[in-house]
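Enquirer: predicted model and sequence follow; I will ask about them next.
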Amino acid sequence: MSVEKAFSRSSRNYESRGFIQNQVAKNLVGRVKERPKHILDLGCGSGFIYKNIDWEFDKFIGVDFSKEMLKLHPKFKTELIFENFDALKFPKSDTLISSSSLQWSSNLKELLEKISELEIPTYLSLFTSKTFSEVHKYFQTSSPIYSLNEILSFANGFQYEVENFEIEFSNSREVLKYIKESGVSGGGLSISPNQIRNFISEDVIQNITLEIVYLWRD
Ligand SMILES: C[S@@+](CC[C@H](N)C(=O)[O-])C[C@H]1O[C@@H](n2cnc3c(N)ncnc32)[C@H](O)[C@@H]1O
């Protein structure tokens, strides 16, 4: 399943299952020093960045390639652009903020270079490949997203901080449900129904890790 379809599919549950993303967006917005009036958000989703901004702004530009996610985004003082951020001609803004989205870039190195050329304060958070590592280890699959080392090697001139979240579930079925509905996996895991049945009946994985790296340039 494409990442775009996966996000449109998980949009129904995104707000209720997205508590980590909301916390990450809140942490990221908390790092913004000036109170920018024109904000650009890449991969804006249902609006966790927008909803965590606690100052007056003139314009918020949100970019996302999932129409279903854009439908959920607040509209007041907002321009929403239905577009792939990898192919975007960046609109003018004071500050760029992007949370939990850029790990899906098809060319993160190039995207971070383009972002740096804007020369505006930039605040990013990205999931790393350590996310769901327990489950990847169980299924012997590899994460579809960039590792921390890869991200840092592309992030010239950015400061960074890493945060790990551990979530505990009552059983493995709940783990899979979370992965499917949280919107973090971008399409879930490529595993057969048989493997899923075994995973649920063995019930050995009940805790999962999510790793986030914050990158910023004031
Ligand atoms: C995990 S959600 C994060 C949404 C929001 N920023 C938040 O903090 O909750 C990732 C979002 O990025 C969008 N996305 C992923 N890859 C994209 C791309 N290449 N271009 C535009 N949007 C993309 C998805 O559609 C989804 O809405």
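Expert: Sure, I can see it.
Enquirer: for Leu112, pull up the helix or strand it's in.
Expert: helix 108-117 (DSSP states H and E).
Enquirer: ok, and what's touching that helix?
Expert: 85-86, 90, 96, 102, 105, 122, 124, 146, 150-151, 154-158, 217 (C-beta atoms under 8 Å, 6 or more residues apart in numbering). Backbone N, C-alpha and C define where each C-beta goes, glycine included.
Enquirer: on the pLDDT front, check the residue of the chain found nearest the ligand for me.
Expert: Nearest to the ligand in the chain, going by C-beta to the nearest ligand atom, is Gly45, at a distance of 2.5 Å. Gly45 is assigned 96 on the pLDDT scale.
Enquirer: so it touches Met69, yeah?
Expert: Yes. In this structure Gly45 lies within contact range of Met69 using C-beta atoms under 8 Å: 4.7 Å.
Enquirer: neighbour count winner among those two?
Expert: Using other C-beta atoms under 10 Å as the criterion, Gly45 and Met69 rank with Gly45 on top: 27 against 24.
Enquirer: and the chain, which residues reach the ligand?
Expert: Contact residues (C-beta under 6 Å from any ligand atom) of the chain with the ligand: 3, 7, 18, 21, 25, 43-45, 48-49, 63-66, 69, 84-86, 99-101, 104, 183-184.
Enquirer: please enumerate the strands of the protein.
Expert: 38-42, 59-64, 78-82, 95-99, 122-127, 159-168, 207-217 (DSSP state E).
Enquirer: packing partners of the fourth one?
Expert: In this structure, strand 95-99 makes packing contacts with helix 19-30, strand 38-42, helix 48-52, strand 122-127, judged by 3 or more C-beta pairs under 8 Å, 6 or more residues apart in numbering; DSSP states H and E.
Enquirer: what is Leu41 paired to in the beta sheet?
Expert: Slight slip there: residue 41 is Asp, not Leu. Following DSSP bridges, Asp41 is listed with bridge partners Gly62, Ile97.
Enquirer: and for it, the neighbour number?
Expert: Using other C-beta under 10 Å: Asp41 sits among 29 other residues.
Enquirer: ok, now which ones touch it?
Expert: 49-50, 60-63, 96-99.
Enquirer: if we go to 10 Å?
Expert: Counting by C-beta atoms under 10 Å, 6 or more residues apart in numbering, Asp41 touches 25, 47-50, 53, 60-64, 73, 78, 80-81, 85, 93, 95-99, 101.
Enquirer: now it: how far from Gly18?
Expert: Noted for Asp41: a distance of 15 Å to Gly18, by C-beta to C-beta, to the nearest Å.
Enquirer: kind regards, and thank you for your time.
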